[in-house]
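Participant: Okay, predicted coordinates and the sequence, questions at the end:
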Amino acid sequence: MKRQQVRLAVLWALSAPLAAHPLDDAGVWVYEDAPSGAEARPEATATQPGAPDTFFITVFPETDGKRPAREAPARRAANVAHGAEPEGRVNAWTASLGYRRETLDWSIAGTNGFPDVLSRLDWDVEMAELRINGEWMAANGFTIAVEGAYASAFSGEVRDSDYDLDRREHEFSRSYSESHRSTASRVALGLGWRILPHSRVGLTPMLGYAYQEQDLRARHGRQVLSEPCAICDADGDGIGGDIITPPVGTRLTGLDIHYQPRWHGPWLGLRLDARIGSRFGLHVGAKYQWFNYRANADWNLREEFAHPRSYTHHGDSRGWQGEIGMRWRLSAQSAITLTVDQHQQRLKRGTDRTFFADGRTSKTRLNDVNWDSWGAALGWRVEF
């Protein structure tokens, strides 16, 4: 074993030989009748009357006169295993790869409010997602969390339906399209304060801001329902009967619709973290979100519409997000993770504005927008 140079934590000269008082296993010098001025404390066990008190004088070992090295990984792992420090007190980054399924639907009313649902579109998209999460927590519990994610669709379908009467009666047009080139991305920042940061179970109230955008596609369409429309006003002149739907079975060659929603706004959340045993960790989180909603659309086969901006949607929405995650520690610095989450956002009333090729615009009611998403991801967590 290498010899260690030992420096006393207090600056005074001992009047008795220190060699007679060896260090204990914790690096504490046991010394009886410490001289006046020494930083000392009595032993926890009671001494007999008249016996000299026993004092502990702390000393700090150093190697070759240098400052103590950073805590060894094995020592840190032991501390984590025995609950001596919370896992969140270090910088941690997690990279995850997983599956996501998103559904989004919206509907608009006719120009004068009739019918109450003129057109409705439904996307159902399956995606592969890459996600990066970062977390930092100070010793006093102050927490910063960041998230970034990108998803690309490998499968999906879009339904486009139009109606001639209120309450979605007399559907006169329906088509289906592919949406496998759709994408979605999001970023989020959160700040919080963990209650009882040094315990095995911690609760963290949080607040933050999030931004999400999607590029929902509709390609290679096929017409499956076609009926005359008595009231439809495609050119915005107030006279119906303009829309002539393609015959059933028509392949909508060249169809390449882009619908691009953007959600952003503040959120409030609560997160519960728990460590079970020496290796297993669990967290459960929930957020409530207030998001502004804006979307641009390009309906490329409609010649009467302007391009690349055929119409826009905007309004305010509310929703929530829930997440449950598990972590299995492999070493002091790494762990594998499994996370399952669900998102839901609802817009109840907004505005649809249509832009025509001749420069005119028209406005109608955006009835609703409903977005649901759930995903599962396997990840690798690294702590620094």
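Facilitator: Alright, I've got the coordinates.
Participant: from here on, contacts and neighbour counts on C-alpha atoms
Facilitator: Noted.
Participant: quick one, what contacts L330?
Facilitator: 279, 336 (Cα atoms under 8 Å, 6 or more residues apart in numbering).
Participant: what pLDDT does it get?
Facilitator: L330 carries a pLDDT value of 94.
Participant: repeat for P197
Facilitator: 79.
Participant: cool, and the one 3 residues further on?
Facilitator: Residue-level confidence at R200 comes out at 88, pLDDT.
Participant: same question, T45
Facilitator: For T45, pLDDT reads 41.
Participant: Residue ranges in the stretch 151-300 of the chain under the pLDDT threshold?
Facilitator: In the predicted model, the stretch 151-300 of the chain carries pLDDT under 70 at residues 232-243.
Participant: residue nearest the centroid of the protein?
Facilitator: E147 (5.1 Å; Cα atoms, centre = their mean).
Participant: Let me see the contact set for it.
Facilitator: 131-134, 186-189.
Participant: Might you specify the subset of these located within helices?
Facilitator: Per DSSP state H, helices hold no members of the contacts of E147.
Participant: So which of those residues is the closest to R360?
Facilitator: Nearest to R360 out of the contacts of E147 is R186 (Cα to Cα; 34.1 Å).
Participant: which residues sit in contact with Y211?
Facilitator: Y211 touches 186-188, 262-265, counting by Cα under 8 Å, 6+ apart.
Participant: State the helix or strand in which the residue nearest to the centre of the chain lies.
Facilitator: Secondary structure assigned from DSSP states H and E places E147 in strand 142-165.
Participant: ok so, going back, could you tell me which of the contacts of E147 count as buried?
Facilitator: 131-134, 186-189 (16 or more other Cα atoms under 10 Å).
Participant: Show me the helices in this structure, by range?
Facilitator: 73-81.
Participant: on that earlier part again, tell me the neighbouring strands of the strand holding E147, and mark each as parallel or antiparallel.
Facilitator: strand 119-137 (antiparallel), strand 169-178 (antiparallel), strand 183-193 (antiparallel) (DSSP bridges).
Participant: could you dump the longest one to CSV, C-alpha only?
Facilitator: Listed in CSV are the C-alpha atoms of strand 119-137, where the atom choice follows Å, rounded to 0.1, in the frame of the first residue of the first chain:
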residue,chain,number,x,y,z
SER,A,119,-64.9,18.7,-44.3
ARG,A,120,-63.1,16.3,-42.0
LEU,A,121,-59.6,14.8,-42.2
ASP,A,122,-58.2,12.0,-40.1
TRP,A,123,-54.5,11.0,-40.0
ASP,A,124,-53.3,7.7,-38.4
VAL,A,125,-49.5,7.5,-38.6
GLU,A,126,-46.9,5.0,-37.3
MET,A,127,-43.4,6.3,-36.7
ALA,A,128,-39.9,5.4,-35.7
GLU,A,129,-38.6,8.0,-33.1
LEU,A,130,-35.2,9.1,-31.9
ARG,A,131,-35.2,10.9,-28.5
ILE,A,132,-32.6,12.7,-26.5
ASN,A,133,-33.2,13.7,-22.8
GLY,A,134,-31.0,15.6,-20.5
GLU,A,135,-31.3,16.0,-16.7
TRP,A,136,-29.3,18.0,-14.1
MET,A,137,-30.1,18.3,-10.4
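Participant: could you give the mean pLDDT of it?
Facilitator: On average, strand 119-137 scores 97.
Participant: in it, what's buried?
Facilitator: 119-137.
Participant: still on that earlier bit, not counting its neighbours along the chain, what's nearest the residue nearest to the centre of the chain?
Facilitator: N133 (4.5 Å; Cα to Cα, 6 or more residues apart in numbering).
Participant: what bridges to the nearest residue to T103 once chain neighbours are set aside?
Facilitator: Closest residue in space to T103, ignoring its immediate chain neighbours: D124 at 4.5 Å, by Cα to Cα, 6+ apart. The partner list for D124 in beta bridges (DSSP bridges) reads T103, E157.
Participant: D124: what's it in contact with?
Facilitator: Here D124 is in contact with 101-104, 156-158 (Cα under 8 Å, 6+ apart).
Participant: Repeat the analysis, applying 6 Å as the threshold.
Facilitator: Contact analysis of D124 by Cα atoms under 6 Å, 6 or more residues apart in numbering lists 102-103, 156-157.
Participant: ok, now R262?
Facilitator: Counted by Cα under 6 Å, 6+ apart, R262 has contacts 212-213, 293-295.
Participant: just the residues you listed now: which is nearest E171?
Facilitator: A295 (25.1 Å).
Participant: Spatially nearest residue to the closest one (excluding sequence neighbours)?
Facilitator: A295 sits nearest to P261 (Cα to Cα, 6+ apart), 4.0 Å away.
Participant: likewise Y163?
Facilitator: Per Cα to Cα, 6+ apart, closest to Y163 is E171, 4.3 Å.
Participant: surely the one you found meets L165?
Facilitator: No. Taking contacts as Cα atoms under 6 Å, E171 lies outside contact range of L165: 8.1 Å.
Participant: unless I'm mixing things up, A357 is touching H307, no?
Facilitator: No. Under the criterion of Cα under 6 Å, A357 is not in contact with H307, lying 7.5 Å apart.
Participant: Return the distance of L207 relative to G192.
Facilitator: 6 Å (Cα to Cα, to the nearest Å).
Participant: ugh, typo on my part, it should be Y259
Facilitator: Taken as Cα to Cα, the span from Y259 to G192 is 35 Å.
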